[in-house]
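Chemist: I would like to see how this sequence folds:
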Amino acid sequence: MMRNPKETIGNLIEKQSVSFISSVDENGFPNTKAMLAPVKREGIKTFYWHTNSPSMRIKQYKANPKACVYFYDKRFTTRGVMLKGEMEVLDDEETKKEIWRDEFSKYYTGGWDGGDFIILKFTAEAGRYYSNYSSEDFEIE
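Modeler: From the prediction side, this is the model:
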């Protein structure tokens with residue numbers, strides 16, 4: 001049993017360069033996509049990614065915010081964490097300016113305010129930690 005989920009899960013997430021996000025399509029099927037690591041996180045509860053506004057995922061999250069995020073420790077394929085919660089699509093100026101980094105211009109030629117740059121904000125409610133062929137559920141505080 002994990003002694004400190006926030007620390008254990010936070011350390012695992014901090015070391016990953018790839019994350020997986022899942023949405024639900026119009027037929028109720030899960031859709032999963034590999035993403036870069038979140039550009040910002042607040043503990044193990046709130047995570048932010050950037051993406052292109054015309055993406056299929058944006059439409060899906062607007063229709064159904066239920067989401068799942070998965071991080072796995074690439075050094076140990078049997079260690080990972082799944083977080084369940086809701087994904088918000090943020091297009092406000094304040095958040096976009098806060099998240100924007102100059103190196104993002106290679107993805108968004110119009111910049112933070114003139115292109116298709118948009119933010120995904122995931123808020124976790126609960127999770128499941130996998131390690132050494134066992135798993136355990138935990139709540140997010």
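Chemist: flag every buried residue along the strand ranked longest in the chain.
Modeler: Ranked by residue count and defined by DSSP state E, the top strand of the chain is strand 117-131. For strand 117-131, burial by neighbour count (16 or more other Cβ atoms under 10 Å) applies to 117-124, 127, 129-131. Every residue, glycine included, has its C-beta placed from N, CA and C.
Chemist: determine which two of these are furthest apart.
Modeler: 117 and 131 (36.0 Å; Cβ to Cβ).
Chemist: and after the longest strand of the chain, which helix or strand comes next?
Modeler: Using DSSP states H and E, the next helix or strand after strand 117-131 towards the C-terminus is strand 134-139.
Chemist: for the chain, longest helix please?
Modeler: Assignment by DSSP state H gives helix 5-14 as the longest helix of the chain.
Chemist: show me what it packs onto, helices and strands only.
Modeler: strand 80-90, strand 117-131 (3 or more Cβ pairs under 8 Å, 6 or more residues apart in numbering; DSSP states H and E).
Chemist: just the residues contacting it, thanks.
Modeler: 2, 19, 37-38, 41, 43-44, 71, 73, 79-81, 127, 129, 138, 141 (Cβ atoms under 8 Å, 6 or more residues apart in numbering).
Chemist: PyMOL command for the buried members of those?
Modeler: The following PyMOL line selects those of these that are buried, judged by 16+ other Cβ under 10 Å:
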select buried, resi 19+38+41+44+71+73+79+80+81+127+129+138
